[in-house]
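Enquirer: I would like the atomic coordinates for the input below:
(one chain, ligands or ions: 1)
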Amino acid sequence: MIERIEKATEIRHWLGDMEADHYYYSSGIAGEKFFVALRDEGQILGAHCAACNLTYVPPRIYCEHCFAELTEYKDMGKRGCVVAFTIAHYDKAGHRLEPPEIFALISFGPCTTPLLHRLGEVEPEKICVGLEVEAVLKPKKDREGKITDILYFRPR
Ligand SMILES: [Zn+2]
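Expert: Numbering: from 1, shown residues only. I've put the predicted structure just below:
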């Protein structure tokens, strides 16, 4: 695109329908390690930046703060705590969800980035920031190397 854009809205709007059936996304080097460890070992991996004392969950190949290459992966365990959550009462088509779906950011420690996932086995009114939770995984034979290998997090 070499023409000058005078109005930013002209490049943000797509009129009509847009085919979106044939896109494939790579999980990348760190993402593949994450999904293989989840599938084969039932581990939730993070990548640690020693310079920043920050652990990325899921792992990244470089630190977003200092741009250091991250090669140190570690098992974060299954336990974390809720740092934020939301309760969805309607699906994307506007149909009521019964029961509602609960999404949360799960932290695995004070210097980790949170993982977005679902909460389960919990009444919505009992959820709070700081709630301690643990991952519930699919049985090993059913795991596919996808984020859904973690069924949900439940209170512990
Ligand atoms: Zn760093």
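Enquirer: ok, what's across the strand from E69?
Expert: Counting by DSSP bridges, E69 forms beta bridges with Y62.
Enquirer: Any figure for the gap between it and the ion?
Expert: 10 Å (C-beta to the ion, to the nearest Å). All C-beta spots, glycine's among them, are computed from the backbone N, C-alpha and C.
Enquirer: Now the element after the helix of greatest length in the chain, going C-ward?
Expert: Ranked by residue count, the top helix of the chain under DSSP state H comes out as helix 28-41. Downstream of helix 28-41, the first helix or strand assigned by DSSP states H and E is strand 45-49.
Enquirer: show me where the protein has helices.
Expert: Under the criterion DSSP H, helices of the chain are mapped to 9-12, 28-41.
Enquirer: which one is the residue most central in space within the chain nearest to, not counting chain neighbours?
Expert: Closest residue to the average C-alpha location of the chain: L116 at 3.7 Å, with C-alpha atoms, centre = their mean. Nearest non-adjacent residue to L116, counting by C-beta to C-beta, 6 or more residues apart in numbering: L105, 5.7 Å away.
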